[in-house]
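Colleague: Return a 3D structure for these sequence lines:
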Amino acid sequence: MGATGQPAKKTERREGSRPWWGDHRTTVFAVFGTVAGICTAAMGVVDRGTQIVLLVVSVGLFLAGLAGLVRVRTYARWFATAWSWAKAHRILVAVAAVVVVAGSTGTAVALQSARSCEDPTEVAVMVPEEGATGFAAVADAFERESVTPFSCPRYHVTTFGMGWPALRVAFESGWGAAAGQDGAASLDLGPRPDVWLAESAAQAEIVAPQRAGNGFTASAPVLVAGSPLVLAVPDPYVQALRATTQADDTTQELMAAAETAGLDVVRANPDASFAAALHTERLYAGFGSGGAETDAQEALELDLGHALERVGLPPGTDGALLCRLDELSRAEPPRVAVLTSERAMIDRGAACPASAAGDGDAALVPFYPESAEGLDYQAMRLTWADAEPSERRAAAATAFVEWLGTSDGQEALGQRARVRDIGGSPPSGADGPLPGLQSEPVVETGTGPVTADRVLLMEDQYRAARRPARVLVLVDSSASMGRPADGDRLRINVAERGVLGALDHLGGSDEVGIWSFSGDAGSSPRPVLEVTGSEVAEREAPKLLSDALRPDGHTPLYDAIDATTSELVRLDPGGVSRRHLTALVVLTDGENLPGGGPGAQLSASDLMRSARAEAAAGVRVYVVAVGEASCQVSDLRRIAAEWDGECWDSSFGELEATLAGLFGQLGGR
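Modeller: The predicted model follows:
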């Protein structure tokens with residue numbers, strides 16, 4: 001006790017009561033401040049979410065360092081105490097500031113140096129046209145997962161979809177080199193691919209003989225995914241079909257059961273869909289061999305064609321067929337069953353344009369044939385002999401193929417491309433496995449479930465058995481077709497060349513006619529070539545077209561469509577019992593501008609009402625829109641759909657390929 005009776009003041013801190021930083025306040029501040037500076041510098045090279053975390057950490061570290069420096073346990077008087085202490089210890093503060101600035105600046109320089117990314121390696125990947133959007137998303141996932149620790153992209157993957165028939169032509173020509181392009185990639189075909197994702201090992205076998213003569217080599221195919229063949233049935237009719245089917249039914253037995261249940265069975269065009277080609281191979285194999293085989297195949301093709309016409313579906317790709325089915329299902333699903341692939345059934349909406357998206361479509365339920373045959377997706381690296389070798393590009397292509405086989409790649413293929421993994425597990429969505437899919441069907445591995453010889457035999461059989469086509473081509477020859485298209489060519493010249501080239505896709509049993517339209521309604525369309533055999537048309541058409549196609553006058557589009565569809569009905573008034581696949585192909589570069597005369601008042605609604613007439617059943621309308629014409633911002637798509645056809649947007653540079661693809665679906669390859 002003191003003399004006054006008050007407790008004596010302690011003059012020393014008890015042992016162990018000193019703060020943890022002891023006498024190393026400056027060191028603590030320097031370390032904490034330097035780390036805070038490093039975190040701040042790192043914020044410039046990371047994603048936004050990590051930036052927020054680093055900001056919180058750096059502020060916390062800096063405040064903790066200051067707290068240790070000024071020996072303040074709370075922050076109530078932080079500013080006043082810090083300022084007083086800083087004035088009393090100017091030298092220490094200056095030294096600490098130099099350390100912090102130097103540390104953070106050095107770190108920032110190092111990180112920014114690392115952040116200076118090299119240009120990513122370009123990789124061109126060719127994917128199937130059917131499902132191209134999903135496979136492009138898979139490539140995007142590969143890009144994202146291949147970035148460096150400093151967010152530098154290693155690869156830039158460009159995907160482009162190509163249908164199987166066009167792909168074979170591309171390989172045969174050496175990707176345009178055979179057309180006199182001195183080895184350069186064709187503008188029509190796109191870049192030469194570094195990786196090819198084929199729909200089947202059979203496709204790789206078919207193009208194998210073309211490798212040596214056309215300047216490319218391919219690595220051994222690597223199985224990366226699969227998709228079984230299915231018979232897809234709208235949900236309301238599933239129970240009726242399940243009551244009469246077994247788990248081990250063949251494709252023929254499933255078809256028979258569907259027809260017994262009152263369903264029309266349809267299939268895409270084998271020339272446009274490889275899945276349809278595999279279905280056709282299975283169906284033809286069920287007929288055995290002998291003199292009656294061809295008759296049975298012809299009867300099958302006629303039945304499938306008539307079924308498409310009864311339902312109102314186009315005979316093109318799986319995507320186009322299923323998209324139209326979605327549109328027709330808005331009120332009530334048609335009584336139909338579709339031979340397709342599991343992938344196309346799941347992802348059917350991806351092929352629909354925005355203006356045709358279904359908002360009331362019924363779910364499709366798959367029935368799996370006994371055979372495990374289906375699409376077996378194979379990845380191959382391609383090397384072009386006359387291309388400058390690039391080790392970086394080759395390594396990038398190898399990395400992509402290898403990644404497809406990893407767990408991340410397999411997951412991306414299932415969720416984005418809607419195909420099965422190597423083990424056969426069904427694809428899944430973001431919320432888990434997709435409903436209605438069976439886990440049993442597994443696409444065979446190894447060399448593939450179907451051989452190239454079987455596919456080639458089926459193609460020959462299909463060409464002999466398919467329905468003959470009767471095609472009337474309606475060519476716009478209005479004044480706008482006299483404008484330049486590209487270079488020295490006029491629009492009408494490009495159209496003429498495209499029509500003549502498309503005739504090559506018609507066979508001896510097919511018929512074709514060519515009409516033109518211009519001027520006032522009622523004064524056209526004018527026959528250039530009456531409907532005749534395709535062989536006669538190929539001889540006569542070049543001279544007739546060059547003499548007849550003189551651009552002038554208005555664009556009486558609707559009047560011309562009305563007149564030519566009436567002509568096709570007159571040639572064969574049999575409706576859906578027609579033997580021919582009957583189609584009108586309209587090539588136009590503008591909207592309906594009829595001028596005057598009879599027929600000038602015709603509207604899109606009038607044409608759509610005409611399509612519903614009984615006599616018009618079985619006549620299809622296809623529109624190829626170029627120039628100022630557009631399927632998306634006009635009534636052309638609705639008119640074509642009402643006539644069970646399609647509307648295709650094209651440029652003049654792509655017109656020849658577009659017409660060739662369309663005639664390939666109507667006639668053959």
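Colleague: who touches L283 in this structure?
Modeller: If you count contacts by C-beta atoms under 8 Å, 6 or more residues apart in numbering, L283 has them with 251-252, 255, 300. (Each C-beta comes from the backbone N, C-alpha and C, glycine too.)
Colleague: Show the residue spans covered by the helices in the stretch 51-200 of the chain.
Modeller: If you assign secondary structure with DSSP state H, counting those that start in this stretch, the helices in the stretch 51-200 of the chain sit at 78-88, 90-115, 132-145, 164-172.
Colleague: Please compute how far stretch 150-159 lies from its chain's middle.
Modeller: With C-alpha atoms, centre = their mean, to the nearest Å as the basis, stretch 150-159 stands 20 Å off its chain's centre.
Colleague: what does that stretch rub up against?
Modeller: Counting by C-beta under 8 Å, 6+ apart, residues outside stretch 150-159 touching it are 45-47, 111, 114-115, 117-118, 120-127, 132, 135-136, 139-140, 142-143, 146-148, 191, 396, 399-400.
Colleague: Pretty sure G405 sits against I422.
Modeller: Yes - the pair G405 and I422 passes the contact test of C-beta atoms under 8 Å, sitting 7.1 Å apart.
Colleague: Now the weakest link among the helices of the stretch 51-200 of the chain, please, by mean pLDDT.
Modeller: For the helices of the stretch 51-200 of the chain, the bottom mean pLDDT is recorded on helix 90-115, which sits at a mean of 64.
Colleague: Surely A660 is in a strand?
Modeller: No - residue state for A660 (DSSP: H, G, I helix; E, B strand; the rest coil) corresponds to helix; a strand is not indicated.
Colleague: still on that earlier bit, now, of the contacts of L283, which are buried?
Modeller: Buried residues within the contacts of L283, counting neighbours by 16 or more other C-beta atoms under 10 Å: 251, 255, 300.
Colleague: Let me have those residues in CSV, extended by distance to Y368, pLDDT and secondary structure.
Modeller: As requested, the buried ones among the contacts of L283 are arranged in CSV below (distance: C-beta to C-beta, whole Å; pLDDT from 0 to 100; DSSP: H, G, I helix; E, B strand; the rest coil):
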residue, distance to Y368, pLDDT, secondary structure
T251, 10, 92, helix
M255, 14, 95, helix
L300, 21, 95, helix
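Colleague: and L229, bridged to which residues?
Modeller: L229 has these beta-bridge partners by DSSP bridges: S341.
Colleague: Also E122?
Modeller: Counting by DSSP bridges, E122 forms beta bridges with H156.
Colleague: burial count for it?
Modeller: In terms of burial, E122 registers 15 neighbours under the definition other C-beta atoms under 10 Å.
Colleague: That one contacts S390, correct?
Modeller: No - between E122 and S390 there is no contact under C-beta under 8 Å: 9.1 Å.
Colleague: Tell me the predicted confidence for A563.
Modeller: A563 is assigned a predicted lDDT (pLDDT) of 95.
Colleague: okay, now it: neighbour count?
Modeller: Considering only other C-beta under 10 Å, A563 is surrounded by 20 other residues.
Colleague: Now do it against F287, distance only.
Modeller: When C-beta to C-beta, to the nearest Å is the yardstick, A563 and F287 sit 42 Å from each other.
Colleague: so where does T532 fall, helix or strand?
Modeller: strand 526-533 (DSSP states H and E).
Colleague: cool, and E281?
Modeller: Counting by DSSP H and E, the element that carries E281 is helix 274-285.
Colleague: what's the angle from that helix to helix 164-172?
Modeller: Helix 274-285 and helix 164-172 meet at an angle of 100 degrees, taking axes from the mean of the first three to the mean of the last three C-alpha atoms, to 10 degrees as the criterion.
Colleague: wait, doesn't M345 sit right on V230?
Modeller: Yes - the criterion here is C-beta under 8 Å, and M345 meets it with V230 at 5.9 Å.
Colleague: Look at the two and report which has more neighbours.
Modeller: Set side by side, M345 and V230 show unequal neighbour counts under other C-beta under 10 Å, the larger going to V230 at 30 against 24.
Colleague: Let me see the contact set for that one.
Modeller: Taking C-beta under 8 Å, 6+ apart, one finds 339-342, 345, 366-369 in contact with V230.
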